[in-house]
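Student: sequence isn't available, so here's the structure alone:
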């Protein structure tokens, strides 16, 4: 099961829930906002401070 991660679209500001593949390790990919359809760069890192939680950030494609 893919864990849900809550983010905010960097274009329209709407809250979104993304489902991130946590078994793939660090990754970066482009996903369209489900509201405004603009491309967001999604960056996923696994925290190495012992808890193994995901650190997910989204940026505008033109800022990446």
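Tutor: That came through fine. Every value quoted in this text rests on a predicted model; they were computed, and no experiment measured them.

Student: quick one: contacts of stretch 30-42?
Tutor: 7, 9-12, 14, 16, 18, 20, 28-29, 56-61, 63-64 (C-beta atoms under 8 Å, 6 or more residues apart in numbering). Just so you know, the C-beta spots here come from the backbone N, C-alpha and C atoms, and that holds for glycine as well.

Student: tell me where the model's unsure across the protein.
Tutor: Scanning the chain for pLDDT under 70 picks out 48-52, 64.

Student: narrow the contacts of stretch 30-42 to those in strands?
Tutor: 7, 16, 18, 28, 29, 56, 57, 58, 59, 60 (DSSP state E).

Student: ok, and the closest non-adjacent residue to the last one?
Tutor: By that I understand residue 60. Spatial nearest neighbour of residue 60, excluding adjacent residues (C-beta to C-beta, 6 or more residues apart in numbering): residue 10 at 4.6 Å.

Student: neighbours of that neighbour, how many?
Tutor: Using other C-beta atoms under 10 Å, residue 10 is surrounded by 18 other residues.
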